[in-house]
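Visitor: Can you look at this prediction? I've put the sequence above it.
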Amino acid sequence: MEKLTFDKLKTKVWEAADILRGSIDSSDYKNYIFGLLFLKRLSDVFEEEAEKIEKETGDKDLAWNDPDEHQFFVPERARWENIRKVTSQVGDALNKAAAEIEDKNPIIEGVIASIDFNSDKLGDIKQRDGTLLRLIQHFSTISMKNTDLANPDILGNVYEYLIEKFADDAGKKGGEFYTPRKVVQLIVNLLQPKEGMRICDCTTGSGGMLIECAHYVKKHKGNPRNISLYGQEKNMGTWSICKMNMLLHGLPDADIRKGDTIREPKLLVDGQLMLFDRVIANPPFSLDKWGHEVAEQDGFGRFRHGIAPKTRGDWAFVQHMVATLNSKGKLGVVVPHGVLFRGASEGKIRQAMIEEDLVEAVIGLPSALFYGTGIPAAILIINKNKPAERKGKIFFVHAAEEYESLKRQNKLRDQDIEKISNALKDYKEIEKYCRAVDVSEIAENDYNLNISRYIDTTPEEEEIDVKAAVKELHEIEKKRKVVEDKMNKYLTELGL
């Protein structure tokens, strides 16, 4: 049997969206497609394990009915061959199958049961049954057993591909659960996570930033199993996608909590905030109603630099992250440009952080990189353990001019990521691109971190070759004379 490749699975799973297209909102596709993909994968692997155990032991009951013999035990009712046999009230049957799987596997509690296959979003019962039966039939044509995959990374890679496609399809809503992969790669490159580290994304979305940290460690010859991944996500549907994402990437130990990071931080040890070596995040831009009402009575000491304004929570999230860094910790966070220069309470918070020498770098990104907003963003790198030669300085990078322009949004290229990473690593001035600035100069600018204050961001004026321009003008005049003579000749022939 031919192995299942990335391209084949990608095409097959994206075709599932065509079955849903027109019947439900595109922002809801991901829940049903990811849910069925995950159920099929669990069932196929369970079946593969059971067949192997039965062959090795000759004990059929042990192989198919003993939960202790499987990484994930799939009860009989929830096995794909039985799901395929259901012809009516399919949504209800899928919900019950998901609930039974979770009952037997506490590690995935809430992951698939959070998806309501019996939802009115899929239409009335007849429409719902028809759509779900077509999806089940569609997924039945592929096998996702380990032995059928061309390589073990296929499922995780296809899952990431789909998350990006669904974010693109969902437009503005896509930004709620997905950060473009190239932006994630850039921040991870700047943070350089290593084996043995504890890493957190407190607004984790679908988990791409944590997974990229694992990829980075593996790429640099480390074992991704030897990093500890933590996250928190407020949206229940996005949380379940994140959990599935971690499992399909072979990261079952990632600890992803449900809840509002500001109002109810869940990553705690003995009632205190858990501390991390690396924190990476893309919190919601300028969130209104972010939790101002709880900030003044915060019991975790997160807002010691000041309380963010009620209608803009950017500095609340940044301060939460800073409070979760250990003494050698480093943070990479995406922020809207307003965070760099807005005054009042935000200006005071920014000043306090600069005076404490926490800010290591400010990187200005191109506009229109993110789903749902065309505004340019920046990356703040905050370091609790700045090297001696970087103390009392902030490194600015003007990276807003270099990108690939696509139809719906802009995209960072590999060479852009490399240039930014090398600039921060080399820590040398490049005219109109980057420079290290003493905090004393920033203080003179009222602690404003707007990049154009410290780097000349005006576009280069194009030099005009006067001789070439005059020559080109003469050539145009000659051509004009030829055309004019020809036109006059025609007019004379016509008696005009």
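Guide: Here it is on my side, so go on.

Visitor: my guess is D25 meets F166, correct?
Guide: No - counting by C-beta atoms under 8 Å, D25 stays clear of F166, with 11.3 Å between them. All C-beta atoms are positioned from the backbone trio N, CA, C, and that covers glycine.

Visitor: between the two, which one's more packed in?
Guide: F166 (25 against 10; other C-beta atoms under 10 Å).

Visitor: what residue is smack in the middle of this structure?
Guide: T179 (3.1 Å; C-alpha atoms, centre = their mean).

Visitor: Do I have it right that it meets L369?
Guide: No - judged on C-beta under 8 Å, T179 makes no contact with L369 at a distance of 9.2 Å.

Visitor: longest strand anywhere in this protein?
Guide: Assignment by DSSP state E gives strand 325-336 as the longest strand of the chain.

Visitor: ok, residues contacting that strand?
Guide: Residues from elsewhere that reach strand 325-336 (C-beta atoms under 8 Å, 6 or more residues apart in numbering): 179, 183, 187-188, 190-191, 275-283, 285-286, 314, 317-318, 321-322, 360, 370, 375, 377-385.

Visitor: tally of neighbours for N422?
Guide: Neighbour number of N422 under other C-beta under 10 Å is 13.

Visitor: Look up which helix or strand it falls in, please.
Guide: helix 414-426 (DSSP states H and E).

Visitor: who's in contact with L191?
Guide: 213, 278, 280, 330, 332, 381.

Visitor: ok, whichever strand or helix holds the third one: who's next to it in the sheet?
Guide: Using DSSP H and E, the secondary-structure element containing I280 is strand 276-281. Partner strands for strand 276-281, per DSSP bridges, with pairing direction: strand 198-201 (parallel), strand 325-336 (parallel).

Visitor: Could you export the last one as PDB, CA atoms only?
Guide: In PDB, the C-alpha atoms belonging to strand 325-336 read as follows (Å, rounded to 0.1, in the frame of the first residue of the first chain):
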ATOM      1  CA  LEU A 325      10.100  35.300  34.100                       C
ATOM      2  CA  ASN A 326      12.700  33.700  36.300                       C
ATOM      3  CA  SER A 327      15.900  35.600  37.200                       C
ATOM      4  CA  LYS A 328      17.500  34.700  33.900                       C
ATOM      5  CA  GLY A 329      14.300  34.700  31.900                       C
ATOM      6  CA  LYS A 330      13.700  36.200  28.500                       C
ATOM      7  CA  LEU A 331      10.500  37.300  26.800                       C
ATOM      8  CA  GLY A 332       9.500  37.900  23.200                       C
ATOM      9  CA  VAL A 333       6.100  39.500  22.700                       C
ATOM     10  CA  VAL A 334       4.200  41.000  19.700                       C
ATOM     11  CA  VAL A 335       2.700  44.500  20.500                       C
ATOM     12  CA  PRO A 336       1.000  47.200  18.400                       C
END
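
Visitor: So which bits of that strand are buried?
Guide: Under the neighbour-count criterion of 16 or more other C-beta atoms under 10 Å, strand 325-336 has 325-326, 329-336 buried.

Visitor: Over to stretch 437-452?
Guide: Neighbour counts using 16+ other C-beta under 10 Å place 437, 439, 442, 447-451 of stretch 437-452 among the buried residues.

Visitor: just stretch 380-397 next, same as before
Guide: Result for stretch 380-397 [16+ other C-beta under 10 Å]: buried residues 380-384, 386, 390, 393-397.

Visitor: likewise stretch 52-59?
Guide: So for stretch 52-59, counting by 16+ other C-beta under 10 Å, buried means I53.

Visitor: Give me the residues contacting it.
Guide: Contacts for stretch 52-59 (C-beta under 8 Å, 6+ apart): 60, 62-64, 69.

Visitor: Neighbour count, pLDDT and distance to D148 added to these, as CSV?
Guide: Listed next are the contacts of stretch 52-59 as CSV, based on neighbours: other C-beta atoms under 10 Å; pLDDT from 0 to 100; distance: C-beta to C-beta, whole Å:
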residue, neighbour count, pLDDT, distance to D148
K60, 11, 95, 23
L62, 14, 96, 24
A63, 19, 95, 19
W64, 20, 96, 20
E69, 17, 94, 21
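
Visitor: ok, of those, which one's closest to G91?
Guide: W64 (26.6 Å; C-beta to C-beta).

Visitor: That closest one against E51, yeah?
Guide: No - look at W64 against E51 with C-beta under 8 Å: they stay out of range, at 9.2 Å.

Visitor: Specify the local secondary structure of W239.
Guide: Put simply, W239 is helix when judged by DSSP: H, G, I helix; E, B strand; the rest coil.

Visitor: do you know how far it is from P224?
Guide: Using C-beta to C-beta, to the nearest Å, W239 is found at 21 Å from P224.

Visitor: Cross the contacts of strand 325-336 against strands and list the overlap.
Guide: Per DSSP E, the subset of these in strands is 276-281, 360, 377-383.

Visitor: tell me which of those is nearest to D456?
Guide: A378 (17.5 Å).

Visitor: what residues are up against that closest one?
Guide: A378 neighbours (C-beta under 8 Å, 6+ apart): 334-337, 339-340, 362-365, 451.

Visitor: how does it look with 7 Å?
Guide: Applying C-beta atoms under 7 Å, 6 or more residues apart in numbering, we find A378 in contact with 335, 337, 340, 362-365.

Visitor: Give me the buried subset of the residues you listed.
Guide: Buried among the contacts of A378 (16+ other C-beta under 10 Å): 335, 337, 340, 362-365.

Visitor: Export the residues you listed as a markdown table, with columns for distance to K121 and pLDDT.
Guide: Shown next, in a markdown table, are the buried ones among the contacts of A378 (distance: C-beta to C-beta, whole Å; pLDDT from 0 to 100):
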| residue | distance to K121 | pLDDT |
| --- | --- | --- |
| V335 | 34 | 95 |
| H337 | 37 | 93 |
| L340 | 41 | 96 |
| V362 | 43 | 98 |
| I363 | 40 | 97 |
| G364 | 40 | 96 |
| L365 | 35 | 95 |
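
Visitor: quick one: the helices in the stretch 51-200 of the chain?
Guide: 60-65, 80-83, 90-104, 125-140, 154-170, 181-191 (DSSP state H, counting those that start in this stretch).

Visitor: where among the ones you listed is the average confidence lowest?
Guide: Across those, helix 154-170 has the smallest mean pLDDT, namely a mean of 78.

Visitor: Just list what that helix packs against, helices and strands only.
Guide: Applying 3 or more C-beta pairs under 7 Å, 6 or more residues apart in numbering; DSSP states H and E, one finds that helix 154-170 contacts helix 6-20, helix 29-57, helix 236-248.

Visitor: quick one: it to helix 236-248, angle?
Guide: Relative orientation of helix 154-170 and helix 236-248, computed by axes from the mean of the first three to the mean of the last three C-alpha atoms, to 10 degrees: 150 degrees.

Visitor: Give the buried residues for helix 154-170.
Guide: For helix 154-170, by 16+ other C-beta under 10 Å, it's 154-156, 158-170.

Visitor: out of these, who's nearest I349?
Guide: Nearest member of the buried residues of helix 154-170 to I349, counting by C-beta to C-beta, is A167, at 30.5 Å.

Visitor: P180 versus that closest one, what's the distance?
Guide: Distance check for A167 against P180: by C-beta to C-beta, it reads 8 Å.
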